[in-house]
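> Predicted model and sequence follow; I will ask about them next.
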Amino acid sequence: MIIYLAITKIKAWIRKILIISDFSGFGGTSIIYGGPDNSQINKYRLSVTVFLIFTDINSMPLLLFIFAISVLPLFSSNLLLLSNLDYSNSSLKKLREEVKHNLKISKTQPELRKNFLTSLKFYKYKVGKKDNFFIIMARTGMDLDTLSSVNDLSSPQDLREGMVLKIPNMRGVFDRDNFPEGNESKHKLSLKYNIDQTLLVFDRENQEWFIPGKGLERTEKSFFYGLAFGKPLMEGFLSSGFGIRHDPFTKKKTFHGGLDIAAEKGTEVIAAAEGEVIRCEKTGGYGNLVVLKHPLGYETRYGHLNEFAVRKGDRVKRGEKIGEVGSTGRSTGNHLHFEVRRFSKNQKPVFKEHT
Ligand SMILES: [Zn+2]
């Protein structure tokens, strides 16, 4: 009789542990029903644990233990800091396992799936001195598309020491079409990406849809590899690169947001990629400036021009003349100041022929 009672008790405990682990593992259900974020799940987890404690005094010690392990993630799960990329780092191990698990699920036919995706989480990693894009990619189990999409990187050269990278626990990309949260968007996106609806996740923090297991579109990839931009001058030499430099006017350390390419006055300046002329005007610092708008949030700027060859609103093809080299504005000699921006942020210009 005593043994029977003990077994019943153990069974009841196991059932409770299962209930809680369902929440702590926050598996597929959360994703299928629109994906509550971590904090919501944590609230659930907490309330379930508190409820159990007050309803079953006899199993107090066990429940206290469960309470402790359920509450601990409340203080850590929102941070998810990756302090280093050593394979022995337990956070890194967990991340890699989740990436692997989620990749397998996103590649399996819906009817053959035995598990759900682990819900979308982001780890943060501060780029160190010796890091580069490919090391970080390999260590975290990511691929190029995921890292660049999640962090809005425009090229592998875009990493800088001290930059904080977001690393998701699944491979995939953000959709850039601003679909709002909801089932209608889910339906449209599943058609757009030819993906099962249950896999799609709306990330509330970014207000964007995450598409697990999918890669960048062709255009985006070509921008990322630097294949999208050609050189804006057929001749000339690089007189000042991208990044921190001593300002030629003030001699102080300043950030140079583009490349200076020295060339003779009147040299043809050509469009680095197909785009629309959104500015063509006289400015202070840039002198005569042309700004082209390209897909995916990209923009190129051509400063210090002597002459314009386009007008605002024109569409230009890659290689088409847009102006001539000059020394207008804040300039010390004939050169082109060439800039690439993405979502208004200066990017290091990368050309296929030049690294
Ligand atoms: Zn410049």
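Happy to help now that I have it.
> Are we agreed that residue 131 is in a helix?
No - counting by DSSP: H, G, I helix; E, B strand; the rest coil, residue 131 falls outside a helix, being coil.
> Okay, helices next: where are they in the stretch 101-250 of the chain?
Ranges of helices in the stretch 101-250 of the chain, per DSSP state H, counting those that start in this stretch, are 133-140, 144-150, 183-193, 218-224.
> Next, count neighbours for the one residue in the chain that gets nearest to the ion.
For the chain and the ion, the shortest gap (Cβ to the ion) falls at residue 337, measuring 3.5 Å. For the C-beta atoms, the positions are set from N, CA and C on the backbone; glycine is no exception. Neighbour count for residue 337, taken as other Cβ atoms under 10 Å: 24.
> Could you export the helices of the stretch 101-250 of the chain to CSV, including columns for distance to residue 168, mean pLDDT and mean neighbour count?
CSV is the format used below for the helices of the stretch 101-250 of the chain (distance: least, Cβ to Cβ, whole Å; pLDDT from 0 to 100; neighbours: other Cβ atoms under 10 Å):
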stretch, distance to residue 168, mean pLDDT, mean neighbour count
helix 133-140, 9, 92, 17
helix 144-150, 6, 91, 22
helix 183-193, 16, 94, 15
helix 218-224, 17, 79, 17
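> would TSV of those helices with distance to the ion be doable?
Shown next, in TSV, are these (distance: least, Cβ to the ion, whole Å):
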stretch	distance to the ion
helix 133-140	25
helix 144-150	26
helix 183-193	40
helix 218-224	22
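> Using TSV, lay out the ones you listed together with distance to residue 259.
Shown next, in TSV, are the helices of the stretch 101-250 of the chain (distance: least, Cβ to Cβ, whole Å):
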stretch	distance to residue 259
helix 133-140	20
helix 144-150	21
helix 183-193	36
helix 218-224	17
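> before we move on, back to that, hang on, the residue of the chain closest to the ion packs against residue 285?
No - with contact defined as Cβ atoms under 8 Å, residue 337 does not count as touching residue 285 (9.0 Å).
> overlap in contacts of the two?
Both residue 337 and residue 285 are contacted by residue 303, under the criterion Cβ atoms under 8 Å, 6 or more residues apart in numbering.
> Wondering if stretch 262-271 reaches the ion at all.
No - with Cβ under 5 Å from the ion as the criterion, the ion is not reached by stretch 262-271; the gap is at least 10.5 Å.
> if we can go back for a sec, immediately after whichever strand or helix holds the residue of the chain closest to the ion, which helix or strand?
Residue 337 belongs to strand 335-342 when assigned by DSSP states H and E. Once strand 335-342 ends, the next helix or strand along the chain (criterion: DSSP H and E) is strand 345-347.
> contact partners of that following strand?
Strand 345-347 is contacted from outside by 152, 154, 155, 158, 242, 255, 257, 258, 339, 340, 341, using Cβ under 8 Å, 6+ apart.
> Describe which strands it pairs with in its sheet and in which direction.
strand 335-342 (antiparallel) (DSSP bridges).
> quick one: the partner strand to chain centroid distance?
23 Å (Cα atoms, centre = their mean, to the nearest Å).
> Identify the residues contacting that strand?
152, 154, 229, 232-233, 236, 239, 257-263, 267, 269, 272, 286, 296-305, 325, 327, 331, 346-349.
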